[in-house]
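Engineer: What shape does this take:
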Amino acid sequence: MNINTLPDYILYPSEAREAFLQLATQLYRDFAPRDEDECQILNEMLIASWLRRRYETVRTSLYTTKNGLAQNEPNSPRLPVVVDSIRRFQLEVEQQKRQLSNLRRQLRNLRAGVPFVQSEANFEFNVKELRRELTPAA
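Structural biologist: Numbering: from 1, shown residues only. The predicted model follows:
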């Protein structure tokens, strides 16, 4: 496992590197990549898993905020914004779940002998999508 090959921007300064490394260790232990293609898929799984955790954490925090506002300031103009943000982060969580499912399928296919082909167009889409996902919200 070589976490050093992953981009520096995967972890926010407020996130625990130890938790990230534990997740990486668990994924690599569970799936035991056998070659470079499997390592690439596992790295993508690691990123998707980390993002899902991040989005779930933010969504949970937003629910707490929403409940506090609904109880203490039911007419707050922030309430609709928080509710919209909850929906947005729920969609992000679901997207990462789909991404993980697709990556697991790719790994199974690779182990079944189906060659792993990362098309350039797909790679560019993945990089653009990853940058969008990893950009901190304003």
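Engineer: Considering helices and strands only, name the one in this protein with the lowest mean pLDDT.
Structural biologist: Lowest mean confidence among the helices and strands of the chain (mean pLDDT, DSSP states H and E): helix 120-134, at a mean of 54.
Engineer: Asn75 is in what secondary structure piece?
Structural biologist: Here Asn75 sits in a region with no helix or strand, counting by DSSP states H and E.
Engineer: Asp84 too?
Structural biologist: Assigning secondary structure by DSSP H and E places Asp84 in helix 78-111.
Engineer: what helices or strands is that helix leaning on?
Structural biologist: The contact analysis (3 or more Cβ pairs under 8 Å, 6 or more residues apart in numbering; DSSP states H and E) places helix 78-111 against helix 36-72. In short, each C-beta sits where N, CA and C put it, glycine included.
Engineer: give me the low-pLDDT residue ranges for the chain?
Structural biologist: Scanning the chain with the threshold set as pLDDT under 70 gives 1-8, 116-138.
Engineer: Now with 90, please.
Structural biologist: 1-14, 16-17, 36-37, 40, 110-111, 113-138 (pLDDT under 90).
Engineer: Which residue lies closest in space to the residue positioned nearest the centre of it, excluding its sequence neighbours?
Structural biologist: A centroid search over the chain (Cα atoms, centre = their mean) returns Leu51, at 2.2 Å, as the residue closest to the centre. The shortest distance from Leu51 to any residue other than its chain neighbours is 5.0 Å, reached at Gln96 (Cβ to Cβ, 6 or more residues apart in numbering).
Engineer: In contact with that neighbour: list those residues for me.
Structural biologist: If a contact means Cβ atoms under 8 Å, 6 or more residues apart in numbering, then Gln96 has Ala48, Ser49, Leu51, Arg52, Tyr55 as its contacts.
Engineer: Same question for Val93.
Structural biologist: Under the criterion of Cβ under 8 Å, 6+ apart, the neighbours of Val93 are Arg52, Tyr55, Glu56, Arg59.
Engineer: All set, thanks.
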